[in-house]
Structure formats: structure tokens, C-alpha cells
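>>> Dropping the sequence and predicted coords here.
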Amino acid sequence: MKHLRHLNKYFYKYKWWIIPGIFFVIVSNIFGVVPAQVIGHAFNLITENIQIYRLFNGFERREIIYDIFSYSLLYFGAIVLILYLLRGLFLFFMRQTLILMSRHIEFDMKNEIYAHYQKLNLGFYRRNNTGDLMSRATEDVNRVRMYVGPAIMYAINTAVLFSLVIYAMFDVNAELALFSLLPLPVLVIVIYFVNTLINRKSERIQQQLSRLSSYVQEQFSGIRVIKSYVREEHTRKVFAGESYTYKDLAMNLVKVQALFYPAMILLVGLSTILTIYIGGKQVIGGYITPGNIAEFIVYVNQLTFPVSMLGWVTTLIQRASASQKRINEFLHTEPDIVSGDHPEVTVLGDISFKNVTFTYPDTGIKAISDISFDIKKGQFVAIMGRTGSGKSTLANLLMRMYDADSGSITVDGLPLKKLSLQHYRNQLGYVPQEVFLFSDTIRNNIAFGLEEVNQSQVETAAKQAAVYNNIIGFEKQFDTMLGERGITLSGGQKQRVSIARALIKSPSILILDDCLSAVDTKTEEEILNNLGALMHQKTIILIAHRISTLKNADKILVLDDGRLIEQGTHEELVHQNGAYAEMYQNQLLEEENQTA
């Protein structure tokens, strides 16, 4: 239960739901126990009046006795009906408080988890896969909800009902009460172990279903590759195999469930038989009335459902504890990146890296080593280098997705760590190497970075990113819905929509991480010209591989194996006859060969 202590704050928050809920549980059970006593009195009335009715055989008063007898039964029936109606009413109130409370707690937990996820840095998402993150925020939260709602409700209900029923039974006859309750502990044990077995099998079924769903999702996402390589039959066989495993697990669960209910009915029937047998001997001895036997049978049947719930409730608590433990693991994970407390300032764009070294904590790969450079406000700076040389790492460090191991990074002379994280990032524009577009309209994807945007701003950003003509060519233009990850658009169109999303913010610093690779040379030149006019006196950092893209930059940084090996303008680097000049000559030869 130690893992479930995290929920105490919610119980305190919703205490005015729990207290009335407990009251409704008690009242509903009182109205559930009293009808058994009324039925007992009615049964005694029947047995006594039948004897009297027979004694008056042949007399005129026999009809009067019959009428009295009929009205008495109607009276008792009406009382039982009213009592059960009141019980149903209070059961409704009970569920309206305790179950609704669980839904509120579920809502709060999901929001708490999602808000905490948002605070965690990129390293956390590199260590954990998306499916696991989603599972903890959905499946695990749902299991915890089953504890704070149904499990607590049925536990309280069982405790109250047991107390009332056992008191009523022992108040009538202690010996009969003991024999009547004798099979119930066995029923609890059987139900507990069977429920445990059912849940274990259900877990395996859930895992297999997850595998099946993941496989189907992956295959549908890669349907183009499957059709291109004519692997439809192979994927069908793999799917059939996974489905066969799921079917076997489901059939095993059905077999266990098929034994569960007959076993429960058998033990309840045994309890009823004992009640009638021992009760009959007590009636013969004159210790109880026949109505008490009827009363006890009602009690036994009333206890059957709560007893069967005990095993289920125990399982719910175990599952909730395991799920809350998984949730707590992430909730107790502190973000590595903590916002600074410096007053919010307007970013101008002066950037300085001094002896910066960084190693990815998850892989231990040393991405950059002892890098130093300065970028002045309004400069167009290009970064190039071979794959894995540390270009994207510089962008991540500048956006403070990670903190450097050593060295210092300053923006406008202020240490990056001291700046307000949200305010600082709000003044950055970033276009990632791997473009991600949401399953939404093109308009909403472009306007993603701002709270309020008008159509004119969206269209202007699209024109600046040279994607406007493509968009108006669609039937629904800016209202065109994009498929998953923007699959509706081509690679170049996705990159340009992503650029428009960054430009609409009018950022002080614009970072373009190799986002023009799928764009033709003419469109690339148009975008760069637009950037030059739009980002006047603002800092642009462009990561690229094509030298034609960056040769007009004010400064070019050349990286190799995490180190800054050259920096300068295009002409300066060509004259140095180093690594940059070599890459430039190779690209010229490639262009000549393509032309030929």
C-alpha cells in the first residue's frame, strides 16, 4: 500500500465526496438488511395463519381470516418493496459520490502526469519509448481509478454489510450463524486464487493484444514498403501467428472463468443447505421460528456478492499498487533542465560558446569537445560537417534541451542557465531535421507556436517559406487536413510548412537544422532570400550539407568529430585549403558529373 500513499492528497481534496459516500453506503445497507427481518416475520405469519385457517374449516369466519391474511401479506410485501426502493435510491447516491469522485481523481492524475511529462527534458524521452509513456498515463491511471472508485466502494460496502448481517444473525441464533457462515471463508479463498489466476491470464492477454496492435500499427504505417517488396503474404502469416497466440490465451481464460461461477454457486448452495438443515433442527427444538430460516437464507444470499467481491477488490488493490508504482517512477523523476530565475528579457541574438563539451548521458557518446565561437546579433551563421560531427547537438544546447557538461553558453552576455526557459524558448524559431507535423489542418500547423493568429499572418508565413502556391492548389487550401505525421504532403512541402511555423513567430534567433534537404535549389534560394529580408538584424543559424546553401553566410563553422576545425566566410575557408575546401571541391565535381 506504500505506493498508493501518493493518492492521499486526492482523498483529502475530495473528502466531502467520500464522507457522504460512506454515509450512503451505511444507510443503503441498513435498508438491505431490514427486509430480511420483514420476510422472516411474513414467513412466520404464513405458517401460523395457515394453521388457523385450517382450524376454521367449515366456519363462516374462515373468509374473514383469509382476508386478514391476504391484507397482511400485501402489507409486508409493500414494506419490502419500499425498503428495497430506498436501498436502490441510496445505492444510486453512493455511486454518484464515490464513483464520480474516482473519475475526478482520474482526471486530476492524467493532468498531473501530462504536466510532469512536459517538464522533463529530451534525455527522458530518449530513455523511454512512447508506448510506455502512454500506457502509464492511460492504462495505469485507469487501474488506479478502479482502486479509488469501485475497490474502495465495495470494500466499505462489504465491511458495513458484514457487520450488520453478522450482528443480525448472531442476534437470532449463534449456532445457526456459525454454520451458515462456515463455507464463506472457503469461498473467499477460492475466489481470491481464481481471481489471481484470471488476472494473471488477463495480463498476458493484454500484453499479447498490445503486441498485436503495435504490429498492425507498424505494418499499416509502412504499407508502402510492404507493397513495394511484395511482402503482403509474409505479414499476413505473421499477423495470423500473433492472432493465434491471442486466441489460445483467451481460450485458457474462458476455461478458468467457466469453473469460477459453478464453484461459487456450489459453495453458496452448501451454505444454504447447512442453514436449512441446522435451522430445521433448531426449529424442532423450539429455539427459532421457521421465519428465522427464511431470514438466514436471505442473509446468506446477501453476503454472497460482497464475499465474491473481496477477491476482486484484493486483485484491484494489487493491480493499482503495481500501476501506481510505475506512475510514481516518472512522477518522482526530476527534470534535468531547470528554468533560471532571471527577469524576462528580450533576446537580441548575441551568442557565445566558450570551451563547451557535451556527452549524451544516455549513450555516453561524446558529441562535442571544447568548442568555442561567437555569433553577433543579426549574423547569418552556417554550420556544416559530416554526419555525427555534432551539428544538431549545438542546436540542442542553444535551445537548452540539454545542459553542457563543461564550458559556458551565453546569450546577450547572460548565462543561458539563468534565463527563464519558457520566455527564452518563446523567442526562438526552430525547424528540426526530422520534420513533425500534427494531424491537423495546415493552418493550425503553421500557427502552432502562437496563441492567436489571423489568416493574414498564416498566409504571409506560407509565402515566406515558399509553400503558399502549393497550399492554395489543394481543394481545401489552408483547411486541408494532414494525415499522420503530415503524410498528406511531400517531403519538401513538409519542410516548408515547418519553416513557416517557425517564421510566423518572428523569432529573435532562427535555427534551421538541415531543413532544406528535400527542397530544390530554386526554392531553396527563394526561401533564403526571404529569410534575409525577414530576419534583418536577427540571428540565423543554418545547419546544412550543401555548400551552395550556406556560401553566402556571414560565418561558417566547420565541425568534425565533435570539434570545431575551421571557421570563417566561404572565401576565407576556400583559401585555407582545408576540410571545407575539400568538401567544396567534391560537391563541385558531383554537380559537374550530374550535368554531364
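Perfect, thanks for sending it.
>>> packing partners for the longest helix along the chain?
Using DSSP state H, we find that the single longest helix of the chain is helix 61-119. Other helices and strands packing on helix 61-119, by 3 or more C-beta pairs under 8 Å, 6 or more residues apart in numbering; DSSP states H and E, are helix 8-13, helix 15-55, helix 130-137, helix 139-146, helix 152-172, helix 290-331. C-betas here are computed from N, CA, C, even on glycine.
>>> Which among these is found nearest to residue 200?
For the helices and strands packed on helix 61-119, proximity to residue 200 was assessed by C-beta to C-beta; helix 290-331 is nearest, at 9.8 Å.
>>> so the closest one versus helix 15-55, what angle?
Computed by axes from the mean of the first three to the mean of the last three C-alpha atoms, to 10 degrees, the angle separating helix 290-331 from helix 15-55 equals 160 degrees.
>>> chain center to helix 290-331: distance?
Averaged C-alpha coordinates place helix 290-331 at 26 Å from its chain's average position (C-alpha atoms, centre = their mean, to the nearest Å).
>>> now it against helix 61-119, angle please.
Going by the same axes, to 10 degrees, helix 290-331 is angled at 10 degrees with respect to helix 61-119.
>>> so what secondary structure elements neighbour helix 290-331?
Secondary-structure packing of helix 290-331 (3+ C-beta pairs under 8 Å, 6+ apart): helix 15-55, helix 61-119, helix 130-137, helix 139-146, helix 152-172, helix 174-181, helix 183-221, helix 232-285.
>>> Pick the most deeply packed of the ones you listed.
Among these, ranked by average contacts under mean count of other C-beta atoms under 10 Å, first place goes to helix 139-146 (a mean of 21).
>>> other SSEs contacting that one?
Applying 3+ C-beta pairs under 8 Å, 6+ apart, one finds that helix 139-146 contacts helix 61-119, helix 290-331.
>>> what does that helix contact?
Residues outside helix 139-146 that contact it (C-beta atoms under 8 Å, 6 or more residues apart in numbering): 4, 7, 102-103, 105-106, 109-110, 113, 206, 316, 319-320, 322-324, 326-327.
>>> Equivalent analysis for stretch 70-85, please.
Contacts of stretch 70-85 (C-beta under 8 Å, 6+ apart): 31, 32, 34, 35, 38, 39, 41, 42, 45, 46, 49.
>>> residue closest to the middle of this protein?
Averaging the C-alpha coordinates of the chain gives a centre point, and the residue nearest to it by C-alpha atoms, centre = their mean is residue 137 (2.4 Å).
>>> Could I get the pLDDT score of the nearest residue to that residue once chain neighbours are set aside?
Here the nearest residue to residue 137 in space, its sequence neighbours aside, is residue 113; by C-beta to C-beta, 6 or more residues apart in numbering that works out to 4.8 Å. What the model reports as pLDDT for residue 113 is 86.
>>> mind checking how far residue 113 is from residue 135?
In this structure, residue 113 lies at 11 Å from residue 135, with C-beta to C-beta, to the nearest Å as the measure.
>>> Could you look up the SS state of residue 515?
Using DSSP: H, G, I helix; E, B strand; the rest coil as the criterion, the local structure at residue 515 reads coil.
>>> Can you name the residues bridging to the residue nearest to it when sequence neighbours are not counted?
Counting by C-beta to C-beta, 6+ apart, residue 515 lies nearest to residue 431, which is 4.1 Å off, once chain neighbours are set aside. Beta-bridge partners recorded for residue 431 (DSSP bridges): residue 512.
>>> Burial check on residue 431, number of neighbours?
25 (other C-beta atoms under 10 Å).
>>> dump the residue contacts of it.
Under the criterion of C-beta under 8 Å, 6+ apart, the contact partners of residue 431 comprise 495, 498, 499, 501, 502, 511, 512, 513, 515.
>>> Likewise for residue 86?
For residue 86, the contacting residues are residue 31, taking C-beta under 8 Å, 6+ apart as the criterion.
>>> State the pLDDT value of it.
The per-residue pLDDT reported for residue 86 equals 91.
>>> And residue 34, how close does it get to residue 433?
Taking C-beta to C-beta as the measure, residue 34 and residue 433 are separated by 73 Å.
>>> a helix runs through residue 529, doesn't it?
Yes: Residue 529 forms part of a helix when assessed by three-state DSSP.
>>> That one and residue 337: what is the separation?
Taking C-beta to C-beta as the criterion, residue 529 is separated from residue 337 by 36 Å.
>>> Settle it for me: which of these two has more neighbours?
Between residue 529 and residue 337, residue 337 has the larger neighbour count (other C-beta under 10 Å), namely 16 against 13.
>>> coming back round to it: may I see the contacts of stretch 70-85 organised as TSV, with distance to residue 98 added?
Putting those into TSV (distance: C-beta to C-beta, whole Å) gives the following:
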residue	distance to residue 98
31	17
32	17
34	23
35	23
38	28
39	29
41	33
42	33
45	38
46	39
49	43
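>>> which of those lies closest to residue 244?
The shortest separation between residue 244 and any of those is 47.0 Å, and it belongs to residue 32 (by C-beta to C-beta).
>>> got the contact list for the closest residue to that closest one other than its chain neighbours?
Computed as C-beta to C-beta, 6+ apart, the closest residue to residue 32 that is not its neighbour in sequence is residue 87, at 5.0 Å. With contacts taken as C-beta under 8 Å, 6+ apart, residue 87 has the following neighbours: 28, 29, 31, 32, 35.
>>> same thing but 6 Å
When the contact criterion is C-beta atoms under 6 Å, 6 or more residues apart in numbering, the partners of residue 87 are 28, 31, 32.
>>> returning to what we had before: by mean pLDDT, show me the worst of the helices and strands packed on helix 139-146.
Mean pLDDT across these is lowest at helix 290-331; the value there is a mean of 79.
>>> What distance do you get for residue 399 to residue 559?
The separation that residue 399 has from residue 559, given C-beta to C-beta, amounts to 17 Å.
>>> Among these two, which residue is more densely surrounded?
Each of residue 399 and residue 559 had its neighbours counted (other C-beta under 10 Å), and the higher figure belongs to residue 559 (24 against 17).
>>> Give me the three-state assignment for the more buried one.
Secondary structure of residue 559, reduced to three states by three-state DSSP: strand.
>>> In space, what's closest to it - neighbours in sequence excluded?
Counting by C-beta to C-beta, 6+ apart, residue 559 lies nearest to residue 385, which is 3.5 Å off, once chain neighbours are set aside.
>>> The one you found - how many residues pack around it?
A count of neighbours around residue 385, defined by other C-beta under 10 Å, yields 24.
>>> show me the contacts for it.
Residues counted as contacts of residue 385 (C-beta under 6 Å, 6+ apart) are 391, 558, 559, 560.
>>> phi, psi of it?
Backbone torsions of residue 385, given as degrees, to the nearest 10, read phi 160, psi 170.
>>> do residue 343 as well
Taking degrees, to the nearest 10, you get phi -50, psi 150 for the backbone angles of residue 343.
>>> Counting neighbours, what do you get for the closest residue to it other than its chain neighbours?
Nearest in space to residue 343, with sequence neighbours left out and distances taken as C-beta to C-beta, 6+ apart, is residue 420 at 7.7 Å. Residues within reach of residue 420, counting by other C-beta under 10 Å, total 15.
>>> ok, now which ones touch residue 351?
For residue 351, the contacting residues are 375, 411, by C-beta under 6 Å, 6+ apart.
>>> tell me the mean pLDDT for stretch 414-425?
84.
>>> could you show me where the helices are in the stretch 351-500 of the chain, in order?
391-398, 421-425, 442-446, 455-464, 468-472, 491-503 (DSSP state H, counting those that start in this stretch).
>>> would you turn those into TSV with mean neighbour count?
Conversion of the helices of the stretch 351-500 of the chain to TSV gives the following (neighbours: other C-beta atoms under 10 Å):
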stretch	mean neighbour count
helix 391-398	22
helix 421-425	16
helix 442-446	23
helix 455-464	18
helix 468-472	16
helix 491-503	24
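>>> Please identify which of the ones you listed is closest to residue 569.
helix 391-398 (18.5 Å).
>>> which helices and strands does the closest one pack with?
On a contact count with 3 or more C-beta pairs under 6 Å, 6 or more residues apart in numbering; DSSP states H and E, helix 391-398 meets strand 509-513.
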